[in-house]
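Engineer: Quick one, structure for this:
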Amino acid sequence: MGLTGDTACKAAGQPAGTGDTACKAVEQPADTGDGGSAAGAGTKGSPTGTARPAVAGPAACGTYDALRLDNQLCFPLYVVSKEITRRYAPLLRGLGLTYTQYITMMALWELRSATVRDLGRRLYLDSGTLTPILKKLEARGLVTRSRDGRDERRVVVEATDEGMELRDRALEVPAGMARCVDLSAEEATELRRLLDKLLAGVERFFGDEGAEGRAMSTHATPHAG
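Structural biologist: Below you'll find the model as predicted:
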């Protein structure tokens, strides 16, 4: 997923790979203040009287610009996810939970009980990944698993009293993560909104069958972590 479109070089009116001068020529139309855009390099709307350069690196017009790491949206998403998860480890050590066990318990703290299928949809985890997590939590006495009396094909997971009591000790985790993330409450809320929008778009594109089941999601004000 790239940060820049594939029209930059076309807008420049120059062939790709012509050096730095080609990239400098890629300019975004400046705001004229009346909803229009300037046709030339000299613009009325720009505070400095010059057109604003496109947001791109020195090789923006290169043939392989779409493959530049700095132009990828997926890469910082991947890195941030990995690093945030890694920084949860010391905070969760006192609870004896891994990150995936933690988010499983968070879902059960909200719902108290859910089928394995609904829990997997809520957490974006397939049964092959979720089942070992539930077995470990069950071995610790934090959850129970049982067949649904109305439909034995369904397995119901329920947080035990001990599992629910763990929630009080977990209150310090979001606060600890907030100290690791330099975002205001407003920025965290906006980031969550954009991530939800991105995820919804991906699900629509790929026709994710689990999207409806994730309607259980609650949209409370997000923590920075």
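Engineer: roughly how far apart are the nearest residue to residue 94 once chain neighbours are set aside and residue 111?
Structural biologist: In space, and not counting its chain neighbours, residue 94 is closest to residue 169: 7.3 Å by CB to CB, 6 or more residues apart in numbering. C-beta: built from backbone N, CA, C; applies to glycine. In this structure, residue 169 and residue 111 are 19 Å apart, going by CB to CB, to the nearest Å.
Engineer: okay, these two: which has more neighbours?
Structural biologist: More crowded of residue 169 and residue 111, by other CB atoms under 10 Å: residue 111, with 16 against 10.
Engineer: In three-state terms, how would the residue nearest to residue 180 when sequence neighbours are not counted be classified?
Structural biologist: Leaving out its chain neighbours, the residue that sits closest to residue 180 by CB to CB, 6+ apart is residue 87, at 5.3 Å. Counting by DSSP: H, G, I helix; E, B strand; the rest coil, the backbone at residue 87 sits in helix.
Engineer: I'd say residue 87 and residue 178 touch.
Structural biologist: No. With contacts defined as CB atoms under 8 Å, residue 87 does not count as touching residue 178, sitting 11.4 Å away.
Engineer: what is in contact with those two at once?
Structural biologist: Counting by CB atoms under 8 Å, 6 or more residues apart in numbering, residue 87 and residue 178 have no contacts in common.
Engineer: contacts for the lengthiest strand in the chain?
Structural biologist: Among the segments of the chain that qualify as a strand by DSSP state E, the longest is strand 151-159. Surrounding strand 151-159, the residues in contact under the criterion CB under 8 Å, 6+ apart are 105, 108-109, 112-117, 119, 134, 142-148.
Engineer: cutoff 10 Å now
Structural biologist: Outside strand 151-159, the residues that touch it by CB atoms under 10 Å, 6 or more residues apart in numbering are 104-105, 107-119, 127, 130-131, 134, 137-138, 142-150, 164-167.
Engineer: if we can go back for a sec, helix or strand next in line after the helix or strand the residue nearest to residue 94 falls within, which one?
Structural biologist: Using DSSP states H and E, residue 169 falls within helix 161-170. Helices and strands here follow DSSP H and E; after helix 161-170, the next one along the chain is helix 172-178.
Engineer: helix or strand right after that next one?
Structural biologist: helix 185-206.
Engineer: Mind giving me the packing neighbours of that following helix?
Structural biologist: Packing partners of helix 185-206 (3 or more CB pairs under 10 Å, 6 or more residues apart in numbering; DSSP states H and E): helix 74-93.
Engineer: The very next helix or strand once past the helix it packs on to helix 74-93, inter-axis angle?
Structural biologist: Towards the C-terminus, the helix or strand next in line after helix 74-93, according to DSSP H and E, is helix 99-111. Orientation check (axes from the mean of the first three to the mean of the last three CA atoms, to 10 degrees): helix 99-111 against helix 74-93 gives 80 degrees.
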